[in-house]
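Participant: heads up, no residue letters with this:
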């Protein structure tokens, strides 16, 4: 996945047990994410490249590089499709 | 005539709780002295320990001003609520009877009420002014939650969280008559700064526990305060033998519904936060303080043991049942 990404400015997050809670205030909806998703969304407070996000997952969780890449790709794509994360110009 | 008075209440000397409340008075101004006095009484009787000074300006007008506000209107009971960009204010409209505009960031609101709204003041307070107050108090770090808040005889805090007709008030009245202390049966505010350590608390808006006929029949208590406009009868917690407490630090969360038999089921974090958000929906409504509000909900969820609770008439035969079930 090319370019940089950033989470939507209307998101608010908090950790709860091993999960995260995400509010999308612009759309007045909320959902929960697992701890990997929460870490990625936290990182996306600032613009990040896909490679930076994968590196962050590898730093934070004990997973193989392939798993980190697959997890990041799938989560990021779902977030883009759901208007939670935006591609940004850098 | 214009009256301008603060909401300083006349407390007893040596009452630390009252003195703390008086140190953060509200300022209420009105062009109708009688209305101002009634509203000050309503605010004072809530016994809330206001976290900071806030301002309400309530003007009686023949017709509510027409405001060109194209923001999406969110219906809430008889109200329409608009918030967010471009100016960040919150506009609350109660038909043609009243309107309030809450400042974008500061704890103040300007309110217009028609004589029709003033004539139905009890309804106006509950249906309209209370919602205005919720948005004002968000700006000083108090976040509304629809719940009952109680303390059991062992000193443990409980929240009964649920929508209307989910058994909160009837159960509160029952437990109040069996050694529990009560803060509120309906209206709470999540707070933090004055909680215990890093724990979150709920500040209760004091008002009579309001029972429908069925709840009053279960309680088996005659008399009470006529709340017929709401189709209910009210009981002050002291009349039920209980003590009122201003604040509850919850150890137990019960998400309530009614049924034939009382039972509880433990809930995981995901279900808990979902239920809490549903009971504190303004967290989704405006950007201002949304993060703090969400953190307050998460704090309550983290510090408490949470259960889905079905409340049945058998609770009246054994008022200790809830304590037994959560062991």
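Facilitator: That came through fine. These numbers were taken from a predicted model, which means no experiment stands behind them. Residues are numbered from 1 along each chain as shown, chains lettered A, B, ... in the order given.
Participant: for the residue in chain A that chain B sits nearest to, list the residues it contacts.
Facilitator: Closest residue of chain A to chain B, Cβ to the nearest Cβ: residue A:17 (4.0 Å). (Glycine included, C-beta is placed from N, CA and C.) The neighbours of residue A:17, taking Cβ atoms under 8 Å, 6 or more residues apart in numbering or on different chains as the test, are B:268, B:269, B:302.
Participant: and if we set it to 10 Å?
Facilitator: The contact partners of residue A:17, taken as Cβ atoms under 10 Å, 6 or more residues apart in numbering or on different chains, are A:32, A:35, B:268, B:269, B:270, B:272, B:273, B:298, B:301, B:302.
Participant: can you redo these as JSON lines with pLDDT, secondary structure and distance to residue B:75?
Facilitator: Shown next, in JSON lines, are those (pLDDT from 0 to 100; DSSP: H, G, I helix; E, B strand; the rest coil; distance: Cβ to Cβ, whole Å):
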{"residue": "A:32", "pLDDT": "91", "secondary structure": "strand", "distance to residue B:75": "27"}
{"residue": "A:35", "pLDDT": "94", "secondary structure": "helix", "distance to residue B:75": "37"}
{"residue": "B:268", "pLDDT": "92", "secondary structure": "coil", "distance to residue B:75": "32"}
{"residue": "B:269", "pLDDT": "90", "secondary structure": "helix", "distance to residue B:75": "31"}
{"residue": "B:270", "pLDDT": "90", "secondary structure": "helix", "distance to residue B:75": "28"}
{"residue": "B:272", "pLDDT": "95", "secondary structure": "helix", "distance to residue B:75": "27"}
{"residue": "B:273", "pLDDT": "94", "secondary structure": "helix", "distance to residue B:75": "25"}
{"residue": "B:298", "pLDDT": "94", "secondary structure": "helix", "distance to residue B:75": "28"}
{"residue": "B:301", "pLDDT": "95", "secondary structure": "helix", "distance to residue B:75": "28"}
{"residue": "B:302", "pLDDT": "93", "secondary structure": "helix", "distance to residue B:75": "33"}
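Participant: mind giving me the PyMOL select for those, buried ones only?
Facilitator: Buried subset of the contacts of residue A:17, written as a PyMOL selection, criterion 16 or more other Cβ atoms under 10 Å in any protein chain shown:
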select buried, (chain A and resi 32) or (chain B and resi 269+270+272+273+298+301+302)
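Participant: in TSV: the contacts of residue A:17, plus distance to residue B:39.
Facilitator: Formatted as TSV, the contacts of residue A:17 follow (distance: Cβ to Cβ, whole Å):
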residue	distance to residue B:39
A:32	41
A:35	48
B:268	43
B:269	40
B:270	41
B:272	36
B:273	35
B:298	34
B:301	34
B:302	37
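Participant: what's the spacing between the residue nearest to the spatial centre of chain B and residue A:85?
Facilitator: Centrality entry for chain B: nearest residue to the mean C-alpha point is residue B:187, 2.0 Å, by Cα atoms, centre = their mean. Noted for residue B:187: a distance of 37 Å to residue A:85, by Cβ to Cβ, to the nearest Å.
Participant: go on, residue B:186?
Facilitator: 39 Å.
Participant: what does residue A:12 give?
Facilitator: Computed as Cβ to Cβ, the residue A:12 to residue A:85 distance reads 14 Å.
Participant: those two: who's more crowded?
Facilitator: residue A:85 (23 against 20; other Cβ atoms under 10 Å in any protein chain shown).
Participant: any figure for the gap between the more buried one and residue A:11?
Facilitator: The separation that residue A:85 has from residue A:11, given Cβ to Cβ, amounts to 9 Å.
Participant: now list whatever residues contact both of the two.
Facilitator: A:41, A:44, A:79.
Participant: any chance of a markdown table for those, columns pLDDT, distance to residue B:162 and neighbour count?
Facilitator: Listed next are the shared contacts of residue A:85 and residue A:11 as a markdown table, based on pLDDT from 0 to 100; distance: Cβ to Cβ, whole Å; neighbours: other Cβ atoms under 10 Å in any protein chain shown:
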| residue | pLDDT | distance to residue B:162 | neighbour count |
| --- | --- | --- | --- |
| A:41 | 97 | 30 | 21 |
| A:44 | 98 | 35 | 25 |
| A:79 | 96 | 32 | 22 |
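Participant: closest one of those residues to residue B:180?
Facilitator: Nearest to residue B:180 among those: residue A:41, at 41.0 Å, using Cβ to Cβ.
Participant: doesn't the closest one fall inside a strand?
Facilitator: No: secondary structure of residue A:41 (DSSP: H, G, I helix; E, B strand; the rest coil): helix, not part of a strand.
Participant: chain B contacts on chain A?
Facilitator: A:9-32 (Cβ under 10 Å from any Cβ of the partner chain).
Participant: are any of those residues buried, and which?
Facilitator: Those of the residues of chain A next to chain B that meet the buried threshold are A:10-16, A:19-25, A:30, A:32, by 16+ other Cβ under 10 Å.
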